[in-house]
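1. Would you be able to build a 3D model of this:
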Amino acid sequence: MRINVTGNAGAGKSTLAKHIAQTLDIPLIEMDSLLWLPGWEKRSPEELRDILFPLLQQEAWVLDGVSKLVREHADHIIFLDVPRRVCAWRCMKRNWKFLFRSRPGLPEHCPEWRIIPTLYRIIRDFPKNVRHAILADIHSETSTHLILSSESPHDSLEMFLDQLK
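-> As a prediction, this is how the structure comes out:
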């Protein structure tokens, strides 16, 4: 069982992916730990693909992140379609706690203050740059999907997970 939890920055991907991995007892792959090098340097697309591809071949995983390659390999996609204002607020709360140090799961020398402008551009531009691609992929792929928004019933995730067990 391969599950991709995707959505905007601050949507809650990592939190939900950890919950799902624990609930279903399957490995968690954290995209941030693969994507970023010390000092907020991004891996090249080729290097990331070389690291990611063997992981995606595993029989079971939960991966939190936005990646067409991941969506193509996922059996199930959970899209957190959260309003940008909520994402910005959550990022602000997270950034404050890790303003001058790396958050867990990130390499050294990745304090949040260094990525704040980029993060807010990602949040602002998500609807036009990424959201439509995710929606197109999940409606055209053979994987099952669940779209969660702030209006989604709280039990819809649990019902979805029950079906996967």
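2. Skipping adjacent residues, who's closest to the spatially most central residue of the chain in space?
-> Centroid-nearest residue in the chain, with Cα atoms, centre = their mean: Gly65, separated by 2.6 Å. In this structure, Gly65 finds its nearest non-sequential neighbour in Met31, 2.7 Å apart by Cβ to Cβ, 6 or more residues apart in numbering. (C-beta placed from N, C-alpha, C; glycine too.)
3. now Cys91
-> Closest residue in space to Cys91, ignoring its immediate chain neighbours: Gly10 at 3.9 Å, by Cβ to Cβ, 6+ apart.
4. ok so that neighbour is a helix residue?
-> No: counting by DSSP: H, G, I helix; E, B strand; the rest coil, Gly10 falls outside a helix, being coil.
5. Could you check how many residues crowd around it?
-> 25 (other Cβ atoms under 10 Å).
6. do Arg71 as well
-> As a burial measure, Arg71 scores 21 neighbours (other Cβ under 10 Å).
7. Which secondary structure element is home to it?
-> helix 68-73 (DSSP states H and E).
8. list the helices and strands that helix packs on?
-> If you count contacts as 3 or more Cβ pairs under 8 Å, 6 or more residues apart in numbering; DSSP states H and E, helix 68-73 packs onto strand 2-7, helix 45-56, helix 132-140.
9. and the residue nearest to Gly65, what does it touch?
-> 63-67, 70 (Cβ atoms under 8 Å, 6 or more residues apart in numbering).
10. between the residues you listed, which has the most around it?
-> Counting neighbours by other Cβ under 10 Å, Asp64 leads those with 28 neighbours.
11. Am I right that it is in contact with Lys13?
-> Yes: using Cβ atoms under 8 Å, Asp64 is in contact with Lys13, at 4.0 Å.
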